[in-house]
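*Asks:* predicted model and sequence below, questions to follow.
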Amino acid sequence: MQLAALTGTIGRFLVDSDPGRLRLRSASATTLALTLAMIALFGFIRIADQPVTVAMLGTIVAMQSSAAVKDRQQRSRVVTTLLLFFPAVAAVSLAAVLSQFGKAADVGFIVVLFCAVWVRRFGPRGNALGMVAFISYFFALFLRATPGQIPVLALAVVVGLSASLLVRTVILPDRPAVEVRRLVRALRNASSSVLEVATNRDEYDLPVLRRRLDRLGETALMIDDWLDRHDAARSLSVTSADLALRVFDAQVATEQLASLLWSLDPGTIMPSGLTNAIASVQVCLQHHPPEEDRRAARKRAAAAADRADLSLSEGIATVVAYRVVQALLAIHHITSHALGAADSVDSEPDTPPEEAKSGLNPSTKAAIQVAVATSAAAILGELVSPDRWYWAVLTAFLVFTGVSTRGEILTRAGHRIVGTIAGVVAGVLLASLVGNHQRLQLILLVICVFCAFYLVAVAYAWLTFFVTVLLAMLYGLLGDFSVEVLELRIAETAVGGVVGIASAYFIFSTGTRATLVEKVDDYLDRMTELIDAGIDSVVTPGGETDLVAETRHLDNALQSVITAGKPLRMGPAARSRRSVRRVLRGLQVSNRSAHALARAGVNAARADPDTAPPEATAAALRKAATRVRGTIDTVKQVVGGNLVDPPEGATDASGSRVSMVLGVTGTSDIPPGPVRGAIRALSNLDRALVEVIPHPDRTSRR
């Protein structure tokens, strides 16, 4: 029983941490491409009597091409993979030739690194071409390639790219219908985990509930990303807009239900209607409930909603639970009637051209940073080891990959150093156990590749750890393994990390806090736009609205804020950490209230124009929205570092500043519908934003 429980816990963790199994698929594709290339190339070198270095280069190119190609459409990914041949062969040839001229190879490496970063301006394709050029040059140096090997190394590159293409187009091609079903399954899992905490009346754990609500939002965003890449009408029985609306309904209704259940007095017994409605939700959260069970669940939840007393929180929760049932059943219908057709080849979606900005392009700035950092790393790396200097250059380059601010680079460098040290220890232990068993070394190498790419999203240190262990296996295959070599890797990694950090601080420095302030301002601007659109929709029902798309833009902006604030949450100053955590938590809570406001606007857009609220109510709603916008402006000033007084009434324990503005219309006096939902959403949104603003009484309590 204990083993079964442990297995179930691990399985649930893996599903929850990898919605839709996208990370598993990506890591599997990369590992499979490497394995196929390795099998083909090891057979080739035995027949052609070539050194093992030829096979190593081809397998690395297969791995990197599979991992680096990130174009959104399948056709574009195939084209990019084919184009990788040219930078890979050019980089290998350049490294093989320049290595004969001593320091010229150092200069060539820095030029390649500069170009690899500079081409990022051309989007995912440019980034892939640059990364493959960089890794090909690096491994040509690592494997000590010679000019005479260029033709056979070019053949190895072809084999590696062919393996990647084979996996991408034949073995693991895009299966949009399967992918969206998995994502919807993950959405149900996330919703179920939210409901599990919200209904646990014996132990209310707010931090756990918030984490699970965040996971629900992340999963919904992944479905939105799927909709950006695929046309739902070709895989499902609905349009992309309809699926987006259904997912939005399910997410927001679940968030509202969790909030209402959380607010109930744990000492009171739930009324039977609410219990029945929640039981119906649980039936709909199953992945394959029988049709009869679904019909019974809908009927039971509808009956409970009809009898609900809307003057009580329990009654409102019952109605919201019925909405959750409706949304989940709609998604069940969509995914159970999938067309089963694969997407046809599409062109890349149109993206508006970026406005021209004064000064250097960001990719040019980053390229200059990398050139300076890698030049210094090459000089210092040679002082540590004339033969292994390129490890320092590698680290100085990689700490800039995918990050831009000083805090992010500092965090990346720290992860790389820690991962390298731990990887060296593990590599030495494994190498001593494995010895010279080549097959076992190859198996461990493949395992390391899978783990590195599967866990990189969890923490960059895991990637570094498994790559370091992988290198220990590579050294063993090359007959060049020694503890001293791995010790040199630690020293060179430390040198590269320090140089990268110094370059980030002194060359085109980008402050972490300044970036956070910019991202928060952008997020709050989008929230202001959503508030205006939501209130306009509520006071003038029956019109067109694009609130679902605006909500997803708001969610993406919030993810940018969280990413920008992550280094500051781990900073050395406790007061700064608390401040950033308070801001991020307040914005995450307010985001769910913005969802509720958007849902009220969407419901109003579906309503008849004759259901418009009275003029007095509409004016009060607009005035309340103005009050919330004022709170948003105050939050902007606080995040920007200005000292401000809390908004009037912000310390009211009832948290009803918006309700006071609405004066004549307490929510219990308004019939259920968009107006009532908008009032509640504005009130909760204002309360959440006020919590971001420091209050004198809170400060004194600390």
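*Replies:* That came in fine, so what should we check first?

*Asks:* averaged pLDDT, the helix or strand where Asp686 lies. What do you get?
*Replies:* Secondary structure from DSSP states H and E places Asp686 in helix 674-690. Averaged over helix 674-690, pLDDT sits at 87.

*Asks:* in CSV, could you pull the C-alpha coordinates for that helix?
*Replies:* C-alpha atoms of helix 674-690 as CSV (Å, rounded to 0.1, in the frame of the first residue of the first chain):
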residue,chain,number,x,y,z
PRO,A,674,-22.9,40.8,-15.0
VAL,A,675,-23.5,43.9,-12.9
ARG,A,676,-23.3,42.0,-9.6
GLY,A,677,-20.2,40.1,-10.8
ALA,A,678,-18.5,43.4,-11.9
ILE,A,679,-19.2,45.0,-8.5
ARG,A,680,-17.8,42.0,-6.6
ALA,A,681,-14.8,41.8,-8.9
LEU,A,682,-13.9,45.5,-8.6
SER,A,683,-14.2,45.3,-4.8
ASN,A,684,-11.9,42.3,-4.6
LEU,A,685,-9.5,43.8,-7.2
ASP,A,686,-9.2,47.0,-5.2
ARG,A,687,-8.7,45.1,-2.0
ALA,A,688,-5.9,43.0,-3.5
LEU,A,689,-4.1,46.0,-4.9
VAL,A,690,-4.4,48.0,-1.6
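
*Asks:* which helices and strands sit right next to that helix?
*Replies:* Contact analysis of helix 674-690 by 3 or more C-beta pairs under 8 Å, 6 or more residues apart in numbering; DSSP states H and E lists helix 512-539, helix 574-606, helix 615-639, helix 657-662 as its packing neighbours. In short, each C-beta sits where N, CA and C put it, glycine included.

*Asks:* who wins for proximity to Arg307 among the ones you listed?
*Replies:* Arg307 lies closest to helix 574-606 among these, at 21.7 Å (C-beta to C-beta).

*Asks:* tell me which residues in that closest one are buried?
*Replies:* Residues of helix 574-606 classed as buried by neighbour count (16 or more other C-beta atoms under 10 Å): 579-580, 582-584, 586-605.

*Asks:* and it, how far out from the chain's middle?
*Replies:* 18 Å (C-alpha atoms, centre = their mean, to the nearest Å).

*Asks:* again, but for stretch 146-153
*Replies:* 40 Å.

*Asks:* list the buried residues of it.
*Replies:* Quick answer for stretch 146-153 (16+ other C-beta under 10 Å): 149-150, 152-153.

*Asks:* report the angle between the helix holding Asp686 and helix 615-639.
*Replies:* Interaxial angle, helix 674-690 versus helix 615-639 (axes from the mean of the first three to the mean of the last three C-alpha atoms, to 10 degrees): 20 degrees.

*Asks:* can you list the low-confidence ranges for this structure?
*Replies:* 1-17, 337-360, 401-404, 480-481, 508-509, 570-575, 645-672, 695-702 (pLDDT under 70).

*Asks:* could you chop it up by domain?
*Replies:* Listed by automatic domain parsing, the domain ranges of the chain are 22-174, 176-336, 362-509, 512-701.

*Asks:* which residues touch Leu221?
*Replies:* Residues near Leu221 by C-beta atoms under 8 Å, 6 or more residues apart in numbering: 552, 555-556, 559.

*Asks:* got it, and Leu183?
*Replies:* With C-beta under 8 Å, 6+ apart, Leu183 has these contacts: 19-20, 219, 222-223, 226.

*Asks:* so of the residues you listed, which ones are in helices?
*Replies:* In helices, defined here by DSSP state H, the members of the contacts of Leu183 are 219, 222-223, 226.

*Asks:* what about burial for the residues you listed, which qualify?
*Replies:* Buried members of these, scored by 16+ other C-beta under 10 Å, are 219, 222-223, 226.

*Asks:* among these, which two are most distant?
*Replies:* Among these, Thr219 and Trp226 lie farthest apart (C-beta to C-beta), at 10.8 Å.

*Asks:* okay, and the common contacts of these two?
*Replies:* Contact criterion C-beta under 8 Å, 6+ apart; residues shared by Thr219 and Trp226: 20, 183.

*Asks:* what segments of the stretch 101-250 of the chain are helices?
*Replies:* 104-118, 123-142, 150-166, 176-198, 206-229, 240-263 (DSSP state H, counting those that start in this stretch).

*Asks:* closest to Gly500 out of those helices?
*Replies:* Comparing the helices of the stretch 101-250 of the chain under C-beta to C-beta, the one sitting nearest is helix 104-118, at 11.8 Å.

*Asks:* and Gly267, what helix or strand is that in?
*Replies:* Assigned by DSSP H and E, Gly267 falls within no helix or strand.

*Asks:* the one 10 residues further on too?
*Replies:* In this structure, Ala277 is located in helix 272-284 according to DSSP H and E.

*Asks:* looking at the helices and strands packed on helix 674-690, which is nearest to Val281?
*Replies:* Evaluated over the helices and strands packed on helix 674-690, closeness to Val281 peaks at helix 574-606, with 16.9 Å, by C-beta to C-beta.

*Asks:* packing partners of the closest one?
*Replies:* For helix 574-606, the contact count by 3+ C-beta pairs under 8 Å, 6+ apart identifies helix 206-229, helix 240-263, helix 512-539, helix 547-569, helix 615-639, helix 674-690 as packing neighbours.

*Asks:* which helices and strands sit right next to the fifth one?
*Replies:* Counting contacts by 3+ C-beta pairs under 8 Å, 6+ apart, the secondary-structure elements packed against helix 615-639 are helix 512-539, helix 574-606, helix 657-662, helix 674-690.

*Asks:* angle of it against helix 512-539?
*Replies:* 180 degrees.

*Asks:* likewise for the last one?
*Replies:* For the pair helix 674-690 and helix 512-539, the angle between their directions (the same axes, to 10 degrees) equals 160 degrees.

*Asks:* please compute how far helix 674-690 lies from its chain's middle.
*Replies:* 28 Å.

*Asks:* look at Val89 and say how many residues are nearby.
*Replies:* As a burial measure, Val89 scores 21 neighbours (other C-beta atoms under 10 Å).

*Asks:* correct me, but it touches Ala156?
*Replies:* No: Val89 lies out of contact with Ala156 (C-beta atoms under 8 Å); the separation is 9.9 Å.

*Asks:* I'd like the helices and strands packed on helix 674-690 as a markdown table, with distance to Ala431 appended.
*Replies:* Listed next are the helices and strands packed on helix 674-690 as a markdown table, based on distance: least, C-beta to C-beta, whole Å:
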| stretch | distance to Ala431 |
| --- | --- |
| helix 512-539 | 39 |
| helix 574-606 | 40 |
| helix 615-639 | 50 |
| helix 657-662 | 65 |
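
*Asks:* looking at those, which is closest to Glu196?
*Replies:* Comparing the helices and strands packed on helix 674-690 by C-beta to C-beta, helix 574-606 comes nearest, at 17.8 Å.

*Asks:* was I right about Glu408 contacting Leu516?
*Replies:* No: using C-beta under 8 Å, Glu408 is not in contact with Leu516; the gap is 10.9 Å.
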